[in-house]
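Colleague: Show me how the following folds:
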Amino acid sequence: EHALFSENGYLSIPNAVDDGALTELRSLCRQFMHNRGIDERTLSGERDGQLPLVWIRCSNQELDHFARTSAIFGWARRWASELLQVDENSLRPKLRIFYKRPFSKSAVEWHQDEAFYQKFSGERPEGYRSLNCWIALDDAAPESGTLKYIPGSHRDGLVEHDVIPTTVFEPLLAGESRQDDEQAGITLRTTHLDEKRAIYASVPRGGINIHHCRMLHASDANACASPRGAFVMIFRQEGGPGVGERSGA
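Modeller: From the prediction side, this is the model:
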């Protein structure tokens, strides 16, 4: 796994999460949605149907509870430490949940996650280390909008990104505000890539995709009749860029 991650910038691990743990994750996601006043009808497109991508930024309190109670979290942090070759205690976690609604124009443009961190934090650290651990809550295939990668692109450094408008449904907790979110309503996109090299990282429900923060990646729209959900743990080395990032697929 070390060699594959170093060479390609990502790992795809089918059937990494067993049915019991996946059921717990899905229940946790429903609780996070309940905390924000959204339900399954929202995900199915029966409500707010013109907003194709539901993006949930989990609070510090939700993260703390998950970190204390979930064996998956501990496993993922150990993997992040090994793959990034950093001290496990130096990694700062974040949680994100993405749902692509059925039959929606929910494509995510080609980008590198680190471009978001630098664009919206103003920091340009050297030797930056971060990865995303992306757990498929549903079968993730090309037709449902799974991740696609440019293998090895993480070794080519950061490329130029354009700022473009986007439509994302981001429900907030009580007391939260978007007033200070300079990234609201926009995202980043790059055209500096050879898309012919792209591969789809298809995994069944319970599968995991892990990718480096400089990996060029994107995802197509969900052309299926059910939502495509992903539970994402982000592990960044302590001292790296701070809050406010929105990079999702």
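
Colleague: Only C-alpha atoms from now on, for both contacts and neighbour counts.
Modeller: Noted.

Colleague: From D87, how far off is G207?
Modeller: Going from G207 to D87 by CA to CA, to the nearest Å gives 26 Å.

Colleague: Looking at the two, which is more packed in?
Modeller: Remark: of G207 and D87, G207 carries more neighbours, 22 against 13, as counted by other CA atoms under 10 Å.

Colleague: Quick check: closest non-adjacent residue to that one.
Modeller: Closest residue to G207 apart from its sequence neighbours, by CA to CA, 6 or more residues apart in numbering: P14 at 4.2 Å.

Colleague: quick one: low-confidence parts of the chain?
Modeller: Scanning the chain for pLDDT under 70 picks out 45-51, 121-128, 178-184, 238-249.

Colleague: could you say what helices and strands the longest helix that it contains packs with?
Modeller: For the chain, the helix reaching the highest residue count under DSSP state H is reported as helix 19-35. Here helix 19-35 touches no other helix or strand, going by 3 or more CA pairs under 8 Å, 6 or more residues apart in numbering; DSSP states H and E.

Colleague: just to revisit the earlier point, double-check the residue nearest to G207 against G206; I have them as touching.
Modeller: Yes - counting by CA atoms under 8 Å, G206 is a contact partner of P14 at 7.0 Å.

Colleague: out of those two, which sits in the busier spot?
Modeller: Neighbour tally, P14 and G206, criterion other CA under 10 Å: the higher count belongs to G206, 24 against 16.

Colleague: Let me see the contact set for the residue nearest to that one when sequence neighbours are not counted.
Modeller: Leaving out its chain neighbours, the residue that sits closest to G206 by CA to CA, 6+ apart is V17, at 4.7 Å. Taking CA atoms under 8 Å, 6 or more residues apart in numbering, we find V17 in contact with 206-208.

Colleague: Three-state assignment for V17, please.
Modeller: coil (DSSP: H, G, I helix; E, B strand; the rest coil).

Colleague: For G74, see how far away it is.
Modeller: Going from V17 to G74 by CA to CA gives 13 Å.

Colleague: now do L158
Modeller: 30 Å.

Colleague: any idea how far the residue nearest to G206 is from A225?
Modeller: On the measure of CA to CA, V17 and A225 end up 24 Å apart.

Colleague: do E143 as well
Modeller: Counting by CA to CA, the gap from E143 to A225 is 10 Å.

Colleague: Strands along the chain, start to end?
Modeller: For the chain, applying DSSP state E gives strands covering 10-13, 53-57, 91-100, 108-111, 130-136, 147-149, 162-165, 168-169, 186-189, 199-200, 208-212, 217-219, 228-237.

Colleague: can you redo those as TSV with mean neighbour count?
Modeller: Putting the strands of the chain into TSV (neighbours: other CA atoms under 10 Å) gives the following:
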stretch	mean neighbour count
strand 10-13	20
strand 53-57	22
strand 91-100	22
strand 108-111	24
strand 130-136	25
strand 147-149	22
strand 162-165	11
strand 168-169	18
strand 186-189	19
strand 199-200	16
strand 208-212	25
strand 217-219	24
strand 228-237	24
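
Colleague: Tell me which of those sits nearest to L4.
Modeller: Between L4 and the strands of the chain, the tightest spacing by CA to CA is seen for strand 10-13, at 7.0 Å.

Colleague: Just the C-alpha atoms of the closest one, please, in CSV.
Modeller: C-alpha atoms of strand 10-13 as CSV (Å, rounded to 0.1, in the frame of the first residue of the first chain):
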residue,chain,number,x,y,z
TYR,A,10,-4.5,7.1,-4.1
LEU,A,11,-5.7,3.8,-2.9
SER,A,12,-9.0,2.0,-3.6
ILE,A,13,-10.0,-0.6,-1.0
